[in-house]
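**Student:** My questions are about this predicted structure, shown below with the sequence.
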Amino acid sequence: MTLQPDEIDPFDRDQVLDASGLLGTLNRAGLLAAADLHVTRTMARLLSEDDELVLLALALAVRGIRFGSSVVDLDHVVDDLRVEAPDVPWPAEVDDHDAWADRVRASVLTASSQRVLVVEGHQVALGRYHALEVSLSARLVERLAHPPPSVDEAVLAQDLDRLFAGAENPDQRGAADRAARSWTSVVTGGPGTGKTTTIARLLAALASQHAAVGATRPLTIGLAAPTGKAAARMREALRSAADTEVLTDDERAWLGSLDAVTLHRLLGPRPDHRTAFKHHAGQKLAHDVVVVDETSMVSLLMMERLLQAVPTTCRLVLVGDPEQLASVEAGAVLRDVADGLGGPDGPHVSHLRHGFRFSGPIGELAAAVVAGDGEAALEILGAGHAEVRLVDPSDVSSIVSGRPLEQARAVAAAAADHDPQRGLAILGEHRLLVAHRDGPAGVVRWNDELERAVRTYPDPAQPWYVGRPVLVTRNDAALGVNNGDVGIATSTDGLLTVELDTGRTVAAARLAAAQTAYASTVHRSQGSEFDHVTLVLPDEDSLVLTRELLYTAITRAKASIVVVGTAEVVLAAVARRSARGSGLARRLRASTR
């Protein structure tokens, strides 16, 4: 419903009180946020642009970035918004897509000296994001055009036969073979399909190749993931995968010695700039191989920065699950790169299909969600399995007062006993996952509710207390902490400190970017696994309720998952795919034909 000017709440931060015309109408209808209007009006004033249709395209491009899209397609965007707010009056000109695109193309906003907007066909992008896509695509194409790495065929065949002897999944051997022969490769697959096993054995084969082609120094490896938690899991998973008889003692020891870091740390953060790094196009990384895990979480910006820094003659292996949620920032890079390089059957893309971890109801539920079969998903949820079940949202309070409350009390007891490691282990056994940070079923609400039940002195002005579980939300190179690190607050000689799951201990007062971690968003849970998961789904009209959100939450659970929601909400989630506008896959396909 569109608000009338006299109905606007003056304290609503998303409403622009003096907004008029079409943009004001869209703001009152909830289709454009205040930030979208502020950026648009600033650019209009600075560049003297007053064409309402041009400014609409700019506002929609800014809005698109908030929802993860690097481009907006004028053919579809208004039709999609009409579904969200059917009572909004739109000018007839928006339905003539050719004329609308021509007006934007002729605007001062697209002038080469300004480049605020870029128009390609009917697609409109902010100049900065268009430049990132062009740069990333060009760097990938350059890598593909470079002569492939030298390979000792006899040694490679011998190593692959040894390393993948008796492998249950023949796709793994094929993926390693492709990656050994290319400077750029993509390995995709769901949880438990053997991605880490493939990478561990690939690295052993590459070390052997390195010696076989006459290298005089050891092979240098860079292992990275988007968050500290994902990097820690990558390191642990690689060491676990190395514990196999097909590897020699030296190979096991070497793989066990490899470290994994965040992408920020790999590239070298700079204190003077948030999006620039010490390694870039003019100062390349000194690695022979770079492997990036959980690539679905990598934003367009970070992937472009990585491709700048990786030498053309360094093997780059991108690993991840394209069915998971994409980055919280703009881009769906893993999916776009895999599609742009030919999809699962392309020469640079390997998709592992056979799952080893999920053979029971959790795996069946995840498969039904990926296939878009909502009825099958509901049947599995209602079949009485101990591992998966659907709970009506009217019972959510009793659910949260069960396992989550027991866990919160156990964590607090461990911290009071000066045993934060036990608290961290307990915290890893279960996680309450939700879709939103704010709102009646958001992270803040559930964390507050559990804190009130556990704290002896609930005081919002004093966020720190013994037993508080926290999730780090921003990299801090000075402290040595990373986005995704988890910790428990404890008292050391009267000083509140936080024991992190990375082994570091920091003063609580210095840890500014952290939130209570009884509950977390599904996005924040990526790169983590828990024995048990309780998932509270949002209402059916939530924009974040998608197939990818549901799938990502399901695949965080190792032993069981409780889904709190109605059958209608589950069906809506399975039916709705995350639609991120991007020109990257199209650009790659056009350049690699």
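**Tutor:** All right, it came through fine.

**Student:** any idea which helix or strand comes after the lowest-mean-pLDDT helix or strand in the chain?
**Tutor:** In the chain, the helix or strand scored least confidently by mean pLDDT, DSSP states H and E is helix 396-400, which has a mean of 71. Downstream of helix 396-400, the next assigned helix or strand under DSSP states H and E is helix 403-416.

**Student:** Tell me which other helices or strands that following helix touches.
**Tutor:** Judged by 3 or more CB pairs under 8 Å, 6 or more residues apart in numbering; DSSP states H and E, helix 403-416 is in contact with helix 420-427, strand 430-434, helix 443-454, strand 486-492, strand 530-536. C-beta here means a position set from N, CA and C on the backbone, and glycine is covered the same way.

**Student:** tell me which residues in it are buried?
**Tutor:** With burial defined by 16 or more other CB atoms under 10 Å, the residues of helix 403-416 counted as buried are 403-405, 407-408, 410-412, 414-415.

**Student:** Next: stretch 47-65.
**Tutor:** So stretch 47-65, judged by 16+ other CB under 10 Å, has buried residues 49, 53-65.

**Student:** and what of stretch 81-99?
**Tutor:** In stretch 81-99, residues buried by neighbour count (16+ other CB under 10 Å) are 81, 85, 88, 90, 94, 97.

**Student:** quick one, what contacts the first one?
**Tutor:** Meaning L81. 26, 31, 88 (CB atoms under 8 Å, 6 or more residues apart in numbering).

**Student:** what's the closest of the residues you listed to D249?
**Tutor:** Set against D249, the nearest of the contacts of L81 by CB to CB is L31 (62.0 Å).

**Student:** I'd assumed E84 was in contact with the closest one.
**Tutor:** Yes - counting by CB atoms under 8 Å, E84 is a contact partner of L31 at 6.4 Å.

**Student:** Counting neighbours, what do you get for A157?
**Tutor:** A157: 12 surrounding residues under other CB atoms under 10 Å.

**Student:** Which neighbouring elements make contact with the one helix or strand it maps to?
**Tutor:** Take DSSP H and E as the rule and A157 turns out to sit in helix 153-163. Using 3+ CB pairs under 8 Å, 6+ apart, the elements in contact with helix 153-163 are helix 170-180, helix 195-212.

**Student:** looking at these, which is buried most?
**Tutor:** Greatest average neighbour count among those goes to helix 195-212 (a mean of 23), per mean count of other CB atoms under 10 Å.

**Student:** and the helix or strand following that one with helix 195-212, angle?
**Tutor:** Using DSSP H and E, the helix or strand that follows helix 195-212 in sequence is strand 221-225. Here strand 221-225 runs at an angle of 160 degrees relative to helix 195-212 (axes from the mean of the first three to the mean of the last three CA atoms, to 10 degrees).

**Student:** Direction included, what does strand 221-225 pair up with?
**Tutor:** Here strand 221-225 is paired, per DSSP bridges, with strand 260-262 (parallel), strand 289-292 (parallel).

**Student:** Pick the most deeply packed of those.
**Tutor:** Scoring those by mean neighbour count under mean count of other CB under 10 Å gives strand 289-292 as the most buried, with a mean of 24.

**Student:** And for the very next helix or strand once past that one, what's in contact with it?
**Tutor:** Per DSSP H and E, strand 289-292 leads on to helix 300-309 as the next helix or strand towards the C-terminus. Identification of contacts with helix 300-309 by CB under 8 Å, 6+ apart yields 70, 129, 132-133, 135-136, 139-140, 143, 226, 263, 266-267, 275-277, 279-281, 283-285, 290, 292, 295, 298, 316, 327, 329-331, 333, 337, 582, 584.

**Student:** cool, and stretch 273-288?
**Tutor:** By CB under 8 Å, 6+ apart, the surrounding residues in contact with stretch 273-288 are 206, 210, 219-222, 264, 266-270, 301, 305, 308-311, 314-315.

**Student:** Stretch 238-251 now?
**Tutor:** 162-165, 196-197, 199-201, 204, 207, 223, 252, 255-256, 258, 260.

**Student:** cool, and stretch 380-395?
**Tutor:** Here stretch 380-395 makes contact (CB under 8 Å, 6+ apart) with 360-362, 364-365, 368, 378, 399, 536-537, 554, 559-567, 570.

**Student:** Stretch 98-113 now?
**Tutor:** Applying CB under 8 Å, 6+ apart, the contact partners of stretch 98-113 are 43, 47-49, 51, 53-54, 57-58, 74, 93-94, 114, 116-119, 121-122, 124.

**Student:** so which strand or helix has V83?
**Tutor:** For V83, the host element (DSSP H and E) is helix 77-84.

**Student:** avg pLDDT for whichever helix or strand comes after that helix?
**Tutor:** Sequence order places helix 97-105 as the next helix or strand after helix 77-84, per DSSP H and E. For helix 97-105, the mean per-residue pLDDT is 94.

**Student:** what helix or strand does A165 sit in?
**Tutor:** Per DSSP H and E, A165 falls between elements, in no helix or strand.

**Student:** nope, V186 is what I meant
**Tutor:** Taking DSSP H and E as the definition, one finds V186 inside strand 184-189.

**Student:** what about that strand, distance to the chain center?
**Tutor:** For strand 184-189, the separation from the chain centroid amounts to 16 Å (computed by CA atoms, centre = their mean, to the nearest Å).

**Student:** what's that strand in contact with?
**Tutor:** The contact list for strand 184-189 (CB under 8 Å, 6+ apart) reads 140, 143-144, 175, 178-179, 195, 198-199, 295, 315-322, 334, 337-338, 341, 344, 348-353.

**Student:** hmm, try it at 6 Å
**Tutor:** 143, 175, 178-179, 195, 316-319, 322, 338, 348-352 (CB atoms under 6 Å, 6 or more residues apart in numbering).

**Student:** Quick one, which of these are buried?
**Tutor:** Burial by neighbour count, judged by 16+ other CB under 10 Å, picks out 143, 175, 178-179, 195, 316-319, 322, 338, 348-352 from these.

**Student:** Just the ones in helices from those residues, please.
**Tutor:** Mapping these onto helices (DSSP state H) picks out 143, 175, 178-179, 195, 338.

**Student:** Excluding residues flanking it in the chain, which one is nearest L424?
**Tutor:** D501 (5.3 Å; CB to CB, 6 or more residues apart in numbering).

**Student:** With distance to T492 and mean pLDDT added, can I get the helices and strands packed on helix 153-163 in CSV?
**Tutor:** Converted to CSV, the helices and strands packed on helix 153-163 look like this (distance: least, CB to CB, whole Å; pLDDT from 0 to 100):
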stretch, distance to T492, mean pLDDT
helix 170-180, 46, 91
helix 195-212, 36, 92
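
**Student:** Columns distance to L450 on top of those, output as a markdown table?
**Tutor:** Listed next are the helices and strands packed on helix 153-163 as a markdown table, based on distance: least, CB to CB, whole Å:
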| stretch | distance to L450 |
| --- | --- |
| helix 170-180 | 42 |
| helix 195-212 | 33 |
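
**Student:** Appreciated, that's everything.
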